[in-house]
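Novice: take a look and give me a structure for this.
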Amino acid sequence: MRSDRIKKGIDRAPHRGLLYSVGLTQNQLSKPFIGIASSFSDLVPGHSGMRDLERMIEKGIHTGGGHSFIFGLPAVCDGIAMGHEGMKYSLPSRDLIADSVESVASAHALDGLVLLTNCDKITPGMLMAASRLDIPCIVVSAGPMLEGFCEGMELSLIRGTFEAVGQFKAGKISEEQLQKMEMNSCPGVGSCQGLYTANTMACLTEVMGMSLPGCATSAAVSAKKKRIAFDSGVRVVDLVRENVLPSSIITRDSIRNAVVADLALGGSTNSVLHLLAIAQEAGVDITLKDFEELSFKVSQIIKLDPSSTLTMTDFDKAGGIPGALKNLKSLLVDTKGVSGQSLYSTVENAWVNTEIIRTLDNPMTSNPGLAVLYGNLAPSGAVVKVSGVDKECLKFQGTAKTFNSEEETMEAINSDQIKAGDVVVIRYEGPKGGPGMREMLSPTSTIVGKGLGKQVALITDGRFSGGTRGLCIGHMSPEAAAGGLIGLVQNGDQISIDIEKRTVELLVSEEEISKRRESWSKVPAKVTKGYLARYSRTVSSADKGAVSGILDCKEA
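Specialist: Numbering: from 1, shown residues only. Predicted coordinates:
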């Protein structure tokens, strides 16, 4: 066993002495050492219920014949970090989590890991670590929260708070009604109710085979979730004994399956960043071109909040990921997962409600849930959540209104400076320029709440929450801070967006662009010390997954 390096031989007497000090017996030293990488936090609703799951995983590991060790990891709640400087830390925390898991597991020679996760950057960070370490791992996502309810209205976090703020500012609801909605929108623990980033990544983890069937959609408060946690603890010990490694599960085929599922489900645009980053850690050749290619082959078969009023509860009841994969089987490759079963055998007998999870010959729409756009504004690509865009807005031309930060944008939206026909341009919010590539849920939801969701477009080198809807294009690459054309857009310019043709263009002559580029100067870094400064210096572009720690030799 890998852990033998810290517990066998005369020279390891000091190591054993320290292990005995935490209560281990001689018998336990002979068992596989399994780490439970837990992102429990009282601060994060998606994680505050993890103590019960930790206990169930522990019981499973000991039942399976291993010995468990819990260690903690940071967790950022994007909803709480949203709309202020805190959001700069969200995406960078993904890479910090991967580094933390790697550090603890390697320093203590653990034989295997159960990765207990739930929210936006934590799940992909743990998958990156699993690929990097390549020791037996299994993921347990803690599950979605139940939907809220207020005076006859079913609510989610987005409808009950972010969009409700826009409704209040537009005079559509009272402050008293807003307070009632915010109080009841999130009734308990779990990841937010829709197919936002947290639940998207849980779903794609199950598709790739890194969690047990049913894990992604089973509610945080359910007994089913506890059983899955227990079974995952038992199973990880088997994975250690059988030497089943993430490299045999996270493959080009399984990631391509995840891309297919992502497009069919209409997941968060953030999933593009995360799948690219996971592929890079796994040494798998997956690029934006794979998303582009598959987007012309995959139709959307379900619409969940924020694109409809259906939640993860409805998805689970309709068959969850096994049901969705059953309907997508003709587009998928048969791969193996941590359960020991192949994908095809797992979905063969899956039950599915085809009125909610449609079949490929009867999709919700012929368009995919996500699309990659190119053009002079995004020669390296940009991403849009097609499922959140109204049909009449798939082709849009409007007048640019430019802002160099999210704060400037919110001030303009709240003071009614944004009008129908505008294209809001938010730049210097990319991976380097932000730094940290903040999500833009506050601007997008306020625009929707004000009733301008079909009349205003928004483009940014930042990114969007999985809860964003409307004509919103993110990940514009290259970003403004790297000299991208988005940094040269001026107020009054015309911008053309054609989602069906997959284009986003600045309608300005090449001669004028050249003049602007000659006068462009690099904007000083917004952050000059600490983690964000280091992140900014080494992070890759969005089209490469915004992965940190990749320092050019010339810079070094």
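
Novice: in the chain, which strand has the most residues?
Specialist: Longest strand of the chain, by residue count under DSSP state E: strand 395-403.

Novice: distance from the chain centre to that one, please.
Specialist: In terms of Cα atoms, centre = their mean, to the nearest Å, the centre of strand 395-403 is found 27 Å from the chain centre.

Novice: in it, what's buried?
Specialist: 396, 398, 400, 401, 402, 403 (16 or more other Cβ atoms under 10 Å). Just so you know, the C-beta spots here come from the backbone N, C-alpha and C atoms, and that holds for glycine as well.

Novice: just those now: which is nearest residue 97?
Specialist: Of all these, residue 403 has the smallest distance to residue 97: 30.6 Å, by Cβ to Cβ.

Novice: and the closest residue in space to the closest one that isn't next to it in sequence, how many neighbours?
Specialist: Closest residue to residue 403 apart from its sequence neighbours, by Cβ to Cβ, 6 or more residues apart in numbering: residue 409 at 4.4 Å. Neighbour count of residue 409, defined by other Cβ atoms under 10 Å: 27.

Novice: check residue 109 too.
Specialist: By other Cβ under 10 Å, neighbour count at residue 109 equals 16.

Novice: distance between the ends of stretch 56-72?
Specialist: 16 Å (Cα to Cα, to the nearest Å).

Novice: how far off centre is that stretch?
Specialist: So, by Cα atoms, centre = their mean, the centroid of stretch 56-72 is 27 Å from its chain's centroid.

Novice: just stretch 535-545 next, same as before
Specialist: 16 Å.

Novice: can you show me the CA trace of it as PDB?
Specialist: Extracted in PDB, the C-alpha atoms of stretch 535-545 (Å, rounded to 0.1, in the frame of the first residue of the first chain):
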ATOM      1  CA  TYR A 535      -2.800  34.000  -9.500                       C
ATOM      2  CA  SER A 536      -2.900  36.900 -11.900                       C
ATOM      3  CA  ARG A 537       0.700  36.400 -12.900                       C
ATOM      4  CA  THR A 538       0.400  32.700 -13.700                       C
ATOM      5  CA  VAL A 539      -3.200  32.100 -14.800                       C
ATOM      6  CA  SER A 540      -4.000  30.900 -18.400                       C
ATOM      7  CA  SER A 541      -6.700  32.400 -20.600                       C
ATOM      8  CA  ALA A 542     -10.300  31.300 -20.300                       C
ATOM      9  CA  ASP A 543     -10.200  29.300 -23.500                       C
ATOM     10  CA  LYS A 544      -7.500  27.200 -21.800                       C
ATOM     11  CA  GLY A 545      -9.500  26.600 -18.600                       C
END
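
Novice: what sits up against it?
Specialist: 92, 95, 273-277, 279-280, 287-288, 380-381, 430-437, 461, 463, 475-479, 482, 525, 527, 546-551, 555 (Cβ atoms under 8 Å, 6 or more residues apart in numbering).

Novice: buried ones in it?
Specialist: 535, 536, 538, 539, 540, 541, 542, 543, 544, 545.

Novice: same thing with stretch 404-419?
Specialist: Buried-residue list, stretch 404-419, by 16+ other Cβ under 10 Å: 404, 405, 406, 409, 410, 412, 413, 414, 418.

Novice: over to stretch 504-522?
Specialist: 504, 505, 506, 508.

Novice: next step: these restricted to strands.
Specialist: Reading strands off those with DSSP E, I get 504, 505, 506.

Novice: quick one: which of these is nearest to residue 387?
Specialist: Nearest to residue 387 among these, with distances taken as Cβ to Cβ, is residue 504, at 17.8 Å.

Novice: confirm for me that residue 128 is in contact with residue 275.
Specialist: No - using Cβ atoms under 8 Å, residue 128 makes no contact with residue 275, being 10.7 Å away.

Novice: what residues are up against the nearest residue to residue 316 once chain neighbours are set aside?
Specialist: Closest residue to residue 316 apart from its sequence neighbours, by Cβ to Cβ, 6+ apart: residue 217 at 3.7 Å. Residue 217 makes contact with 143, 144, 199, 202, 203, 312, 315, 316, 320, 321, according to Cβ under 8 Å, 6+ apart.

Novice: just the buried ones among these, please.
Specialist: Using 16+ other Cβ under 10 Å as the threshold, 143, 144, 199, 202, 203, 312, 315, 316, 320, 321 are the buried ones among the contacts of residue 217.

Novice: spell out the secondary structure type for the nearest residue to the first one once chain neighbours are set aside.
Specialist: Spatial nearest neighbour of residue 143, chain neighbours left out: residue 220 (3.7 Å); criterion: Cβ to Cβ, 6+ apart. Assigned state for residue 220: coil (three-state reduction, DSSP: H, G, I helix; E, B strand; the rest coil).

Novice: and of the buried residues of stretch 504-522, the nearest to residue 111?
Specialist: Of the buried residues of stretch 504-522, the one sitting nearest to residue 111 (Cβ to Cβ) turns out to be residue 504, at 48.3 Å.

Novice: does the closest one have beta-bridge partners, and which?
Specialist: residue 497 (DSSP bridges).

Novice: my read: it touches residue 473, true?
Specialist: Yes - using Cβ under 8 Å, residue 504 is in contact with residue 473, at 5.9 Å.

Novice: what touches both of those two?
Specialist: In contact with both residue 504 and residue 473: 373, 378, 382, 459, 497, using Cβ under 8 Å, 6+ apart.

Novice: want to try JSON lines for the residues you listed, with pLDDT as columns?
Specialist: Listed next are the shared contacts of residue 504 and residue 473 as JSON lines, based on pLDDT from 0 to 100:
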{"residue": "373", "pLDDT": "96"}
{"residue": "378", "pLDDT": "97"}
{"residue": "382", "pLDDT": "97"}
{"residue": "459", "pLDDT": "97"}
{"residue": "497", "pLDDT": "97"}
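
Novice: and those residues, which two are furthest apart?
Specialist: Counting by Cβ to Cβ, the most remote pair of these is 378 and 497, 10.6 Å apart.

Novice: which stretches in the stretch 151-300 of the chain count as strands?
Specialist: 153-155 (DSSP state E, counting those that start in this stretch).

Novice: that one: helices as residue ranges?
Specialist: 157, 163-169, 175-184, 197-208, 223-242, 252-265, 270-282, 288-295 (DSSP state H, counting those that start in this stretch).

Novice: out of the buried residues of stretch 504-522, flag the one nearest to residue 308.
Specialist: residue 504 (25.5 Å).

Novice: quick one: residues contacting that closest one.
Specialist: Per Cβ under 8 Å, 6+ apart, neighbours of residue 504: 373-375, 377-378, 382, 459, 473, 476, 495-498.

Novice: wait, which of the helices of the stretch 151-300 of the chain is closest to residue 341?
Specialist: Using Cβ to Cβ, the nearest of the helices of the stretch 151-300 of the chain to residue 341 is helix 223-242, at 11.3 Å.

Novice: ok now stretch 472-492, how far from the chain's centre?
Specialist: Per Cα atoms, centre = their mean, the centroid offset for stretch 472-492 relative to its chain is 23 Å.

Novice: how near is residue 457 to residue 398?
Specialist: 6 Å (Cβ to Cβ, to the nearest Å).

Novice: quickly list what's touching both of those two.
Specialist: Common neighbours of residue 457 and residue 398 (Cβ under 8 Å, 6+ apart) are 422, 423, 495.

Novice: so residue 321 sits against residue 211, correct?
Specialist: No - the criterion here is Cβ under 8 Å, and residue 321 misses it with residue 211 at 9.2 Å.

Novice: cool, thanks, signing off.
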